[in-house]
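Peer 1: Predicted model, plus sequence, below.
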Amino acid sequence: MGAAAALAVAGGSLVALGLGGEEPETPAVASERDVAPEPALTVPPASSLATPSAAAPSVQAPPVDVPQPTAAAALGTDADIRLRVPSVDLDLPVHALVPDGGAINPPTMTDAYWIDPYGEPGAGASAPDNTVYIAAHSWSRGEAAFDPLLDADFEGGAVGPGDLVEVETPSGTAEYAVTDVRRYGKDELPEADAVWEVHPGRLVLITCFQREDGRRSTENLVVTAEESAVDAR
């Protein structure tokens, strides 16, 4: 997917005003070093935000997926937020990712990124007033951060309803239970209001199914989880 989305903000709500365009394909023949998997998410700069009417629905504009040709192995810096999914032995540092010219491209293969300007991970009094979105790469041709979320064939999810997801932050550890695991086509995901609802206490993990032939991925895996407890350690 590619293109631009206009957002509107009111009391923490973001409302979609427009979305369109197409994602270019990466070359069909490429080496593992030259083509990195996705996602790469896009939101407009803060200057494009406007205030909607009070009657506007509490649904925010989704990021838009575009291919990114390269990504470093790891960021190499400490993170004060970690994402854990014990059932699949996933334990990752989570860094903030701020739009750069509207584009949010996870810059490394082995780290996860929470997406600003959506919910910032936190617990207790610091709990976000919006959905927290965390994105990372997955890639069947090499090691990537969200590989454990996919099954051995990279055809579906390796987690299921009830699985525990922990987000450790300086204000405590928020515990979530997986409620839904679903594949979305790239053209379907922007229209999935259930994914983009403003929903405090919700966590959404997003990655892509990378195609073996090196061309752009056509589907996303979306794992949705609801907060179940907070550890104030």
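Peer 2: Structure received. Numbers count the residues shown, from 1 in each chain.
Peer 1: Now do the end-to-end distance for stretch 127-137.
Peer 2: 26 Å (CA to CA, to the nearest Å).
Peer 1: ok, now stretch 79-98?
Peer 2: Note: stretch 79-98 ends 15 Å apart using CA to CA.
Peer 1: Give the buried residues for it.
Peer 2: Using 16 or more other CB atoms under 10 Å as the test for burial, stretch 79-98 gives 79, 81-85, 88, 90, 92-95, 97. All C-beta atoms are positioned from the backbone trio N, CA, C, and that covers glycine.
Peer 1: How about stretch 109-116?
Peer 2: M109, T110, D111, A112, Y113, W114, I115.
Peer 1: Could I get those in CSV, plus columns for pLDDT?
Peer 2: Listed next are those as CSV, based on pLDDT from 0 to 100:
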residue, pLDDT
M109, 85
T110, 89
D111, 93
A112, 94
Y113, 94
W114, 94
I115, 89
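Peer 1: Specify which member of those residues is nearest to Y133.
Peer 2: Each of these was scored against Y133 by CB to CB, and I115 proved nearest at 4.4 Å.
Peer 1: Excluding residues flanking it in the chain, which one is nearest the closest one?
Peer 2: In space, and not counting its chain neighbours, I115 is closest to Y133: 4.4 Å by CB to CB, 6 or more residues apart in numbering.
Peer 1: so how far is R183 from that neighbour?
Peer 2: Per CB to CB, to the nearest Å, Y133 is found 17 Å from R183.
Peer 1: quick revisit: strands - which of the buried residues of stretch 109-116 land there?
Peer 2: A112, Y113, W114, I115 (DSSP state E).
Peer 1: quick one: the first one and H137 touch, right?
Peer 2: No: with the criterion set as CB atoms under 8 Å, A112 and H137 do not qualify as a contacting pair; they are 9.1 Å apart.
Peer 1: Please enumerate the shared neighbours of those two.
Peer 2: P106, A145, F146 (CB atoms under 8 Å, 6 or more residues apart in numbering).
Peer 1: Show me where the protein has its strands.
Peer 2: Taking DSSP E to define them, one finds strands in the chain at 5-6, 9-10, 13-14, 18-19, 41-42, 82-85, 90-97, 103-104, 112-115, 132-135, 164-169, 172-185, 202-208, 219-231.
Peer 1: Mind picking the lowest-pLDDT entry from the shared contacts of A112 and H137?
Peer 2: pLDDT across these is at its lowest for P106, which sits at 81.
Peer 1: burial count for that one?
Peer 2: 29 (other CB atoms under 10 Å).
Peer 1: Quick check: it vs V165, distance?
Peer 2: Relative to V165, and taking CB to CB, P106 is found at 18 Å.
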